[in-house]
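>>> Requesting a structural model of the entry that follows:
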Amino acid sequence: MTEHTRLLGEVAPALQDLRADVEQVQKGEITKPVREIAPISLRVQELALQCTRQFHDLSISQYAAMKGGEENLAHLAGACSQISLAATLCNLAIHHRTEILLYEDADPTPAASRDQLRRAGEELGSAITTYRAVAQRLSRRLASAAARAEDQQLIAHALAAEPDVASTAAQRTPPPHLTARATPAPHAPAAPRRA
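The predicted structure follows:
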């Protein structure tokens, strides 16, 4: 869990850097949208992938059994989607700024792109808040001997319950010969023809 705490703690500063870059581009005229926004979009997407992988790793670890673990995982799921959405909004900002090359009636101003970047910054800001809170909660639990003992009991209880869950699932699973596709019944013999 110490390593997970460290990794969780690294996400918020990375998100802050990305949000600062988004806000800086948003303030400009965005005359070179691909060059200005695409590198940021790629970094946001890479971070979204990293966060989703970390979320998955946490969900299959003992973290879910710890006190508040499932709730924190739910918060992280939302933060991962916010980071992914921010990447999409960056791509939309590029699209809106390059539409003028495709359509005569496209808006020649950077207004729509700025709006998409503003929204991307907001999504990143929400994810920052979530990651900070989750990392702090986990760090506090690991720092408290009483909380660690409580979590160890919860984890032990969850591990003890796993065989029961597995055996219950096995009891509910019908034997393979009942789950195989039924073979169609042979056709009834044709009635004899009248001469």
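>>> Which of the helices or strands spans the spatially most central residue of the chain?
Centroid check for the chain by Cα atoms, centre = their mean gives residue 80 as the closest residue, at 3.5 Å. With elements taken from DSSP states H and E, the one containing residue 80 is helix 69-98.
>>> Remind me what that helix packs against, helices and strands.
Helix 69-98 makes packing contacts with helix 2-27, helix 33-59, helix 111-143 when contacts are defined by 3 or more Cβ pairs under 8 Å, 6 or more residues apart in numbering; DSSP states H and E. The way it works is simple: take the backbone N, C-alpha and C, and place the C-beta from them, glycine included.
>>> so what secondary structure elements neighbour the first one?
Applying 3+ Cβ pairs under 8 Å, 6+ apart, one finds that helix 2-27 makes contact with helix 33-59, helix 69-98, helix 111-143.
>>> That helix: which residues count as buried?
Buried residues in helix 2-27, defined by neighbour count with 16 or more other Cβ atoms under 10 Å: 4-5, 8-9, 11-12, 14-15, 18-19, 21-22, 25-26.
>>> Equivalent analysis for stretch 34-47, please.
Judged by neighbour count using 16+ other Cβ under 10 Å, the buried positions of stretch 34-47 are 36, 37, 40, 41, 43, 44, 45, 47.
>>> Show the contacting residues for the nearest residue to the fourth one once chain neighbours are set aside.
Of all residues beyond its chain neighbours, the one nearest residue 41 is residue 90 (3.7 Å), with distances taken as Cβ to Cβ, 6 or more residues apart in numbering. The contact partners of residue 90, taken as Cβ atoms under 8 Å, 6 or more residues apart in numbering, are 22, 37, 38, 40, 41, 44, 116, 117, 120.
>>> Quickly note the distance from residue 90 to residue 46.
12 Å (Cβ to Cβ, to the nearest Å).
>>> on that earlier part again, give me the distance between the residue nearest to residue 41 and residue 154.
For residue 90, the distance to residue 154 (Cβ to Cβ) stands at 40 Å.
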